[in-house]
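Engineer: using only what follows, build the 3D model:
(one chain, ligands or ions: 2)
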Amino acid sequence: MKRFDLFIDGEFRAARSGRSFQKISPVDGRVIGTVQEALAEDVDAAVQAARAALNGSWGQMPVKTRTDLLLDLAHAINRRAADFVEAEVQDTGHTRAFASHVEIPRGAANFEIFANLLKNTGGEFFAMDTPDGAGAVNMELHRPKGVIAVISPWNAPFLLMTWKVGPALACGNTVVVKPSEESPATATLLGEVMNEVGIPKGVYNVIHGFGPGSAGELLTQHKGVDGITFTGETRTGEAIMKQAAVGLRDVSFELGGKNPAIVFADCDMDKAIEVVMRSAFANTGQVCLGTERVYVERPIFDAFTARLKAGAEALKPGGPDDPGTTLGPLISAEHRDKVLSYYQKARDLGATEVTGGGVPVFGNDCDKGFFVQPTIWTGLSDDSAIMREEIFGPCVHISPFDTEDEVIARANDTGYGLSATVLTENLSRAHRVGRRLEAGIIWVNAWFLRDLRTAFGGSKSSGIGREGGVHSLEFYTERSNLCIKL
Ligand SMILES: NC(=O)c1ccc[n+]([C@@H]2O[C@H](COP(=O)([O-])OP(=O)(O)OC[C@H]3O[C@@H](n4cnc5c(N)ncnc54)[C@H](O)[C@@H]3O)[C@@H](O)[C@H]2O)c1
Ligand SMILES: O=C/C=C/C=C(\O)C(=O)O
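Structural biologist: Ligands and ions are numbered 1, 2, ... in the order given. As a prediction, this is how the structure comes out:
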């Protein structure tokens with residue numbers, strides 16, 4: 001049985017709260033560890049350690065030394081990739097393919113890209129005229145924002161946590177990370193690697209616990225926190241924003257989605273099926289960027305639906321130790337119940353169940369895990385709950401459409417605005433449609449193709465602000481203008 005400690009000021013320690021909770025395997029429902037739960041005293045210790053590091057060696061360190069340490073960290077993560085993959089797989093039930101090809105290498109890249117970016121980013125400079133003719137110069141200065149609270153979710157724990165910690169540290173901040181209660185392992189393991197490569201103590205701290213009334217809420221309310229970066233559900237974002245209002249702390253939010261895929265009759269059908277299979281079912285549908293609404297141009301509606309059905313039925317649910325597995329479990333019993341409640345709702349609303357709608361039967365320990373069948377529906381209207389609410393499971397609804405204007409309006413008719421995917425071989429159409437979609441991230445003939453220098457984030461209820469490339473540097477630094485009269 002593993003024990004997940006807090007990591008504060010460079011040390012692994014038990015919570016002073018004396019409280020702990022169990023971590024359950026999503027694959028078979030077994031208890032696989034106990035997690036130390038941080039309450040007020042522990043949260044305070046973590047924030048103080050972060051403040052001391054900010055005021056100490058980390059804060060004084062030359063940019064090159066700091067960013068070289070982060071490059072060392074990226075290499076060390078890659079060297080220990082097998083340990084990170086194992087930790088992530090145990091916590092989440094992810095397939096080993098997803099953990100080892102997507103999640104863990106992206107974690108390392110998140111440190112590397114921002115270390116390199118910081119070394120190569122300049123600032124604004126303006127020479128100005130003055131009435132006396134001597135002039136003045138203005139130059140932009142950057143300082144770290146301070147102690148950053150990083151609140152991260154369970155669906156891609158290491159990728160999403162490092163996506164924030166990477167730029168925060170590159171900019172010279174210190175962090176207190178509160179990983180999801182469902183995925184404590186990789187954030188904790190990263191503490192070991194921080195020590196191995198010599199990142200000063202207190203720069204990276206990890207506290208475990210829940211949201212309301214626990215570590216999450218206590219951290220975001222803490223007066224010693226200067227900024228809050230959060231990835232998770234929209235309604236959690238609303239709660240955190242209220243908490244951040246006290247003391248006027250800056251926030252960066254990456255929230256939920258209800259993302260459309262639009263498949264035109266002029267698409268390359270093989271490519272379209274490959275893309276939508278991934279966008280709908282990768283990581284068992286637990287990806288914020290994932291597709292839950294598919295719109296298919298009427299002439300190819302039947303053919304597309306039949307092929308996506310065949311693809312979904314070829315997925316093989318199972319645990320990560322079975323080499324044939326292509327679909328893992330959902331994260332928790334609670335989340336499985338939520339997804340199944342939508343499966344029931346679709347039936348109640350009279351949807352046509354093209355495939356799935358239930359729970360797979362294994363005849364082994366996986367029957368105690370949190371699996372659901374990949375599911376495809378047709379026949380529901382755009383205003384049904386299935387089409388409007390984020391389900392976050394391996395399920396999509398497919399609707400036919402007739403015209404470009406119609407499908408753009410229907411794709412945009414949502415409270416969310418995170419991502420959209422367009423399948424077409426017509427370049428003019430790609431431009432025309434792409435620029436009219438109300439989403440932060442729009443892919444044509446691709447999905448989850450990420451250049452980390454680009455702006456990443458959502459509009460409407462999908463987020464506040466953008467991270468990625470220089471946009472991350474904007475959130476994680478304070479700017480001053482130094483004006484010198486000559
Ligand atoms: N836009 C993006 O980039 C992006 C990426 C991944 C996931 N997501 C979204 O994340 C959600 C899934 O993740 P989840 O279920 O872990 O989200 P969640 O909102 O339930 O939890 C996220 C984190 O917030 C903490 N938390 C909860 N209440 C809190 C409070 N009041 N104060 C402080 N912290 C609190 C949780 O403990 C956890 O660490 C989905 O909605 C998904 O779309 C968005
Ligand atoms: O589940 C959401 C996945 C989000 C991906 C990123 O934040 C990223 O690629 O940077």
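Engineer: angles on the backbone of the residue of the stretch 351-486 of the chain found nearest ligand 2, please.
Structural biologist: Using CB to the nearest ligand atom, residue 450 is the residue of the stretch 351-486 of the chain that sits closest to ligand 2, at 4.6 Å. Glycine gets a C-beta too; all of them are placed from N, C-alpha and C. Torsion angles at residue 450 (phi, psi; degrees, to the nearest 10) stand at phi -120, psi 120.
Engineer: quick one, what contacts it?
Structural biologist: Residue 450 makes contact with 106, 456, according to CB atoms under 8 Å, 6 or more residues apart in numbering.
Engineer: tell me which element the closest residue to ligand 1 within the stretch 201-350 of the chain is part of?
Structural biologist: Nearest residue of the stretch 201-350 of the chain to ligand 1 (CB to the nearest ligand atom) works out as residue 211 at 2.1 Å. Assigned by DSSP states H and E, residue 211 belongs to neither a helix nor a strand.
Engineer: what's it in contact with, if anything?
Structural biologist: For residue 211, the contacting residues are 217, 236, 239, taking CB under 8 Å, 6+ apart as the criterion.
Engineer: what about residue 302, neighbour count?
Structural biologist: The criterion is other CB atoms under 10 Å. On that basis, residue 302 has 12 neighbouring residues.
Engineer: hmm, I was thinking of residue 22
Structural biologist: Applying other CB under 10 Å, we find 11 other residues in the vicinity of residue 22.
Engineer: so it, which of the three states?
Structural biologist: Under the three-state scheme (DSSP: H, G, I helix; E, B strand; the rest coil), residue 22 adopts strand.
Engineer: ok, it to residue 339 distance?
Structural biologist: Separation of residue 22 from residue 339 (CB to CB, to the nearest Å): 22 Å.
Engineer: ditto for residue 445
Structural biologist: Counting by CB to CB, the gap between residue 445 and residue 339 amounts to 29 Å.
Engineer: more neighbours, those two?
Structural biologist: For residue 445 against residue 339, the residue with the higher neighbour count under other CB under 10 Å is residue 339, and the figures read 20 against 17.
Engineer: closest residue of the stretch 1-150 of the chain to ligand 1?
Structural biologist: Among residues of the stretch 1-150 of the chain, the one nearest ligand 1 by CB to the nearest ligand atom turns out to be residue 149. It sits 8.5 Å away.
Engineer: what's the neighbour count on that residue?
Structural biologist: Look at residue 149: counted by other CB under 10 Å, it has 32 neighbours.
Engineer: now the one residue in the stretch 251-400 of the chain that gets nearest to ligand 2: closest residue in space, sequence neighbours ignored.
Structural biologist: In the stretch 251-400 of the chain, the residue that lies nearest ligand 2 is residue 288 (3.6 Å; CB to the nearest ligand atom). For residue 288, the nearest residue in space outside its immediate sequence neighbours is residue 257; the separation is 5.3 Å by CB to CB, 6 or more residues apart in numbering.
Engineer: OK, contacts around that neighbour?
Structural biologist: Residues counted as contacts of residue 257 (CB under 8 Å, 6+ apart) are 288, 289, 290, 390, 416, 417, 418, 419, 458, 462.
Engineer: go again with 10 Å.
Structural biologist: Under the criterion of CB atoms under 10 Å, 6 or more residues apart in numbering, the neighbours of residue 257 are 234, 287-292, 390, 392, 414, 416-420, 439-441, 458, 460-463.
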